[in-house]
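Trainee: For reference, the sequence and a predicted model appear below.
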There are 2 protein chains.
Amino acid sequence: MKNKGIEELKEKLIGISHISATLSLLGWDQEVHMPPKAVDARAQTVAFLSGIVHEKFIGLDTEGSLTKLKNDLDSGKLKGKNAAIVYEVWRDFERARKLPETFVHELAEVTSKAQSIWAQAREKNDFALFLPWLSKIVKLKKQEAEYVGYTNSPYDALLDEYEPGMTSEEAYQILNDLKDFLVPLLKRIRLSRVKISTEKTKGVFPVDKQIIFNKYIAEKMGFDFGAGRIDESTHPFTTSSHPLDVRFTTRYKKNNLLYSVGSTIHEAGHGLYEQGLPIEHFGTPLAESMSMGIHESQSRMWENMIGKSKSFWKFFYPKMQKEFPAPFKKVDIDEFYKAVNKVTPSLIRTEADEVTYNLHIIIRFEIEKEMIEGSIELKDLPVIWKSKMKEYLGVDVPSDALGVLQDVHWSCGYIGYFPSYSFGNLYSAQFYATLVREIPDISKKIAGGDFEEIREWLRKNIHVHGRLYTAEKLVKKITGEGLNSKYFNEYLEKKYKEIYLL
Amino acid sequence: MKNKGIEELKEKLIGISHISATLSLLGWDQEVHMPPKAVDARAQTVAFLSGIVHEKFIGLDTEGSLTKLKNDLDSGKLKGKNAAIVYEVWRDFERARKLPETFVHELAEVTSKAQSIWAQAREKNDFALFLPWLSKIVKLKKQEAEYVGYTNSPYDALLDEYEPGMTSEEAYQILNDLKDFLVPLLKRIRLSRVKISTEKTKGVFPVDKQIIFNKYIAEKMGFDFGAGRIDESTHPFTTSSHPLDVRFTTRYKKNNLLYSVGSTIHEAGHGLYEQGLPIEHFGTPLAESMSMGIHESQSRMWENMIGKSKSFWKFFYPKMQKEFPAPFKKVDIDEFYKAVNKVTPSLIRTEADEVTYNLHIIIRFEIEKEMIEGSIELKDLPVIWKSKMKEYLGVDVPSDALGVLQDVHWSCGYIGYFPSYSFGNLYSAQFYATLVREIPDISKKIAGGDFEEIREWLRKNIHVHGRLYTAEKLVKKITGEGLNSKYFNEYLEKKYKEIYLL
């Protein structure tokens, strides 16, 4: 017998999802196709539709219908998927309900303006220009934390939005352990007698040929172009309106083929996750990702564990040499593999290698946690940034544009988001260790260009579950233990020992 | 002092327009980019958003707020633009309110299914397959006419949706007069000793070069690519989310450059209209087109009066010869001009020339009027179609796929729409006659590639008014008289007399 309350809830959720699907498409269009003069009108349209989503979401409890289901859940009347749906919807609902409409509106307005101020500030290398806006945003996010509630740190309340259930303390523990491993590893690599040169891999790569090659890789990975697209945008991203309409972007740089290829593999990893969500549950949390970290684990596994492996290039490199004889005809696969995996401490997060990437994240995490806990002055951020970059990465930051102003996140109000990138890396290594155990001839498969088994493993173990499990439960279910950074450390240790002869 | 009721109405209308703007974008995306497997999910999203629009539109009269404004209008308390807004909103509201929600839903569902059945029927050349669905649609449209109300013919109620204020009788009179002029004109052309061959203009035209050439023409016409785009789709169309976000499509056929060029000029004409609507009134009827016929007059004037004139090609043909030396280097402009304007009675409306086009429309009008008035049997349509094609155009129709099944309109429930195409042609000639009087050196301007004055004339006289005037009033205001087919007839007579030495 169908549960009438659940069926009614699902119908309302599907309605909301149709609007959210539209917002995804509007966001995609804005980055990919929208004519420049439409920017204000589009912002208003997005704000209006977002308002309807919020209104309808709050309206889920009209006449107490959602509260009734929550009571059923608490008294054990709901089981399995229905229980998961109500649990997750209630979680989102509670958070949404705690935020007064005036607050939501103010945050939207401030962050909308702050983004353009941030862009100017970065352009002009002028932190002081951004400071009053960052200050407003931090104040609002502190207020958000108070509305939402927390046990220890207000940062918990923000982190929870991206990585449900994770506390600041756990995050701190995990990321600090990671730092304690990475900083010495990086030192050993810098002291290695192996010096990798990327000179020979430089060249000019016509965009039309890059487009074809990128599409070929994504197709081989199993991205379904009947249910998705690849386009170009300044900042690569993936968005989904429905598991049968998943779109990602990459960016083509004439002088850097590996940039588009790396972005494509990363985004196609996100895309495969979105295409793997269960269509039959569209609209409910069962067809959504349970955390940013888990989402990122999918892109990172493809981009790094698979996409930067020797096996992967055993398959793709000959094709690449054929399509781009200059410069690759004169570079053998071992040299190419090393160039792909070269470790170079650098200024910009999005261009960082596997070893240094998480140090960029840790710096942001440490700073934003203190911003929200109020233990640092915002005006000191440039100095703090430079000192941490020097300490962890050994890099001198020449300007704020290449330093504290480089990321858009804070101007959007995304405080608590950065750690998910690192969790993604850790999850990916932990999942991959299990995957390798369960598919022992995986390297041979990859080297043969056969990704079906990997894709199906990810689909069966991760994608199809949507938000049926929390991230914590999912990791335990798949790997037998909670999130553990040792797998990532072991992966890096083994890989870079070999490359840099540590 | 601001009128509070009006301000509240405008705010609600702007909200509705944000959703309508989104629906435009969804429609555009569906034809241009959407991955094929997304079709069902998209249909549901569109239906859901359309439902919200309908709901919000009916909700305009919550607590009688719209009725109160209507009373103010009727008692003469509203003036100028406010009066026009309330008049036009009330007109739409009245129509929307008269249709029960169950009816709207049923019509949407039937036409959605009927479109795919129609596509199959056309594919298989099987009218019998489409007949039961056409029958359902005609029944529903008759019912719609009953809900909406009419004085003489139920067809009035349908026609009114596309050409407000026009009655079947007027339409019949206008189109019958037109037929009485066109049929003999066509006979004279067929008997002319001038035989135009298009053999020498045939060639192969690389799509990438066509894209550049088409964009060049649209830019010259004054279409603002900062506030719009051109893309490709199977059936060219124009859509607008906002006067600063107007998108049109064309279609590139490798063997037919004039197809894409003709479509581009036509759609850019629609696009200029949409870009010319007054931004400051976005959301209200003042930033909408008053009738399909007026909209079509804009595309037709550019496509035919301007885009098929000798002056136009004096400017563009040398450029075209340079870009496509084969075949055009060997074709002089007089020969090319004749080829562009060749009259050939043919089977397909969308490929018809200026002389025969309206005969295609007249056939559809005569048939659909009788369908709605119930004076013909639907099963007889193929026979009726063939006999009218023979009588008016002298053409033998070899199959229903190339006959009665060629257009999508009826399967969408668009009955009463076809006449707007002809009204567009008539309006365009009547406007153009005035324009030529007011800008006497127009031919010289066109031959110099200077379209600014034409564009500004159209903007000032037509675009900026939105729905401030009815089509009837607008035509009188601009040309000094009501819609009169004599201008179109004179235009054709003069042009084709010269070409065919009649």
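Mentor: Good, I have the coordinates. Numbering: from 1, shown residues only, chains lettered A, B, ... in the order given.
Trainee: Can you list the residue ranges for strands in chain A?
Mentor: Shown for chain A, the strands assigned by DSSP state E span residues A:228-232, A:238-242, A:245-250.
Trainee: Could you list the paired strands of the last one along with their orientation?
Mentor: This points to strand A:245-250. strand A:228-232 (parallel), strand A:238-242 (antiparallel) (DSSP bridges).
Trainee: Compare those and give me the one nearest residue B:326.
Mentor: strand A:228-232 (32.9 Å; C-beta to C-beta). (Each C-beta comes from the backbone N, C-alpha and C, glycine too.)
Trainee: I'd like the strands of chain A as CSV, with mean pLDDT appended.
Mentor: Shown next, in CSV, are the strands of chain A (pLDDT from 0 to 100):
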stretch, mean pLDDT
strand A:228-232, 97
strand A:238-242, 97
strand A:245-250, 97
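Trainee: Out of those strands, which is closest to residue A:73?
Mentor: Here strand A:238-242 is closest among the strands of chain A (C-beta to C-beta), at 27.2 Å.
Trainee: now the closest one, how far from the centre of its chain.
Mentor: 14 Å (C-alpha atoms, centre = their mean, to the nearest Å).
Trainee: how many neighbours does the residue lying closest to residue A:89 once chain neighbours are set aside have?
Mentor: Distance criterion C-beta to C-beta, 6 or more residues apart in numbering or on different chains; nearest residue to residue A:89, sequence neighbours excluded, is residue A:285 at 6.2 Å. The tally of other residues near residue A:285 (other C-beta atoms under 10 Å in any protein chain shown) stands at 21.
Trainee: I'd say residue A:285 and residue A:469 touch.
Mentor: No. Look at residue A:285 against residue A:469 with C-beta atoms under 8 Å: they stay out of range, at 10.9 Å.
Trainee: Spit out the residues that contact these two alike.
Mentor: Residues touching both residue A:285 and residue A:469 by C-beta atoms under 8 Å, 6 or more residues apart in numbering or on different chains: residue A:84.
Trainee: and the strands of chain A as CSV, adding mean neighbour count and distance to residue B:352?
Mentor: Formatted as CSV, these follow (neighbours: other C-beta atoms under 10 Å in any protein chain shown; distance: least, C-beta to C-beta, whole Å):
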stretch, mean neighbour count, distance to residue B:352
strand A:228-232, 19, 35
strand A:238-242, 26, 38
strand A:245-250, 26, 37
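Trainee: out of those strands, nearest to residue B:449?
Mentor: Here strand A:228-232 is closest among these (C-beta to C-beta), at 32.6 Å.
Trainee: buried stuff in the lengthiest helix in chain A?
Mentor: Longest helix of chain A, by residue count under DSSP state H: helix A:4-32. Neighbour-count burial for helix A:4-32, with 16 or more other C-beta atoms under 10 Å in any protein chain shown as criterion, is recorded at A:5-6, A:9-10, A:12-29, A:31-32.
Trainee: Cross-check the residues you listed against chain B and keep the overlap.
Mentor: A:15, A:18-19, A:21-22, A:25-26, A:29 (C-beta under 8 Å from any C-beta of the partner chain).
Trainee: what about chain A, any weak spots by pLDDT?
Mentor: By pLDDT under 70, the low-scoring segments of chain A are A:1.
Trainee: Report the central residue of it.
Mentor: Geometric centre of chain A, nearest residue: residue A:296, 4.1 Å, by C-alpha atoms, centre = their mean.
Trainee: Need the nearest residue in space to that residue, chain neighbours excluded.
Mentor: Per C-beta to C-beta, 6+ apart, closest to residue A:296 is residue A:424, 2.5 Å.
Trainee: Chain B contacts on the stretch 151-300 of chain A?
Mentor: Counting by C-beta under 8 Å from any C-beta, the stretch 151-300 of chain A sits next to chain B at A:224-229, A:241-242, A:244-245, A:282.
Trainee: Return the distance of stretch A:202-216 from the chain's centre.
Mentor: The mean C-alpha position of stretch A:202-216 is separated from the chain mean by 25 Å, C-alpha atoms, centre = their mean.
Trainee: ok, now stretch A:282-293?
Mentor: That offset, for stretch A:282-293, works out to 14 Å (C-alpha atoms, centre = their mean).
Trainee: do stretch A:393-408 as well
Mentor: 21 Å.
Trainee: Would you work out how far apart the start and end of it are?
Mentor: 21 Å (C-alpha to C-alpha, to the nearest Å).
Trainee: Report the buried residues of it.
Mentor: A:393, A:395, A:397, A:400-407.
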